[in-house]
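> what's the 3D shape of this:
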Amino acid sequence: MGTNSFAEPKDADGGHSIQVRGNSSVDSACSSSFEVVAGTEKLRSPSGSRLKVLIAEDNKVNQIIIHRMLQSLDIEADLADNGEEAVALAQRKDYDLILMDFQMPIMDGLDATRTLRRMGILTPTIGLSANTDEQSRRDAKEAGMVRYVVKPMRSYSLRSAIEEALATEKE
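Residues are numbered from 1 along each chain as shown. As a prediction, this is how the structure comes out:
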């Protein structure tokens with residue numbers, strides 16, 4: 001059985017940092033640190049409605065953190081625990097964007113993105129990974145991902161990637 005702890009200390013600039021530490025027999029151990037900046041401008045779809053985003057992430061702690069980051073931007077989000085679930089959800093619902101973890105059980109994020117593209121689902125997809133090497137970035141692009149964000153991420157990095165991905169879609 002695992003343990004998780006959350007802390008949200010207030011930064012000097014008025015933002016919040018979320019630090020999460022977890023230890024489980026499944027994940028062995030994980031520790032992630034993310035920043036949520038308070039008072040940021042909300043992101044909207046081109047029609048002015050709330051953005052609808054699919055988060056494909058198998059790690060529950062990361063799901064919570066990413067979901068909170070998106071909530072701070074007033075973005076609506078659904079969760080998928082693996083690539084296969086992400087493909088199924090993307091077939092049933094139109095999303096403005098997909099955040100896709102690279103390494104997940106059943107179907108990884110690269111295969112899920114390739115599958116979506118083969119099905120004609122061209123929703124902009126941002127790859128999420130702890131891998132910092134150039135090969136991972138090339139793999140993401142070749143799979144059909146439009147941006148790549150390295151974990152642990154900061155809210156401004158995620159926001160920037162979302163804005164760039166949505167701008168790419170308009171081109």
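> give me the beta-bridge partners of the spatially most central residue of the chain?
By C-alpha atoms, centre = their mean, the mean C-alpha position of the chain lies nearest to residue 99, the distance being 3.6 Å. For residue 99, the beta-bridge partners under DSSP bridges are residue 55, residue 126.
> pLDDT weak spots in the protein?
1-40, 46, 169-171 (pLDDT under 70).
> Strands along that one, start to end?
Ranges of strands in the chain, per DSSP state E, are 3-7, 16-23, 30-36, 52-56, 76-80, 97-101, 125-129, 147-150.
> still on that earlier bit, residues contacting the residue nearest to the centre of the chain?
Residues near residue 99 by C-beta atoms under 8 Å, 6 or more residues apart in numbering: 53, 54, 55, 56, 57, 66, 125, 126, 128, 158. In short, each C-beta sits where N, CA and C put it, glycine included.
> my read: residue 75 touches residue 51, true?
Yes - the pair residue 75 / residue 51 is scored as a contact, 4.6 Å apart, by C-beta atoms under 8 Å.
> which residues are common contacts for these two?
Residues touching both residue 75 and residue 51 (C-beta under 8 Å, 6+ apart) are 43, 162.
> So which elements touch the longest helix along the chain?
Counting by DSSP state H, the longest helix found in the chain is helix 155-170. Applying 3 or more C-beta pairs under 8 Å, 6 or more residues apart in numbering; DSSP states H and E, one finds that helix 155-170 contacts strand 30-36, helix 60-72, strand 97-101, strand 125-129, strand 147-150.
> quick one, it and strand 97-101 angle?
130 degrees (axes from the mean of the first three to the mean of the last three C-alpha atoms, to 10 degrees).
> Now do helix 155-170: distance to the chain's middle.
11 Å (C-alpha atoms, centre = their mean, to the nearest Å).
> List the buried residues of stretch 55-75.
Going by neighbour count (16 or more other C-beta atoms under 10 Å), the buried part of stretch 55-75 is 55-70, 72-73, 75.
> which of the residues in stretch 88-95 are buried?
89, 90, 95.
> Next one: the nearest residue in space to residue 114 that is not next to it in sequence relative to residue 137, how far apart?
Nearest residue to residue 114, sequence neighbours excluded (C-beta to C-beta, 6 or more residues apart in numbering): residue 143, at 5.2 Å. The gap separating residue 143 from residue 137 is 11 Å, by C-beta to C-beta, to the nearest Å.
> All set, thanks.
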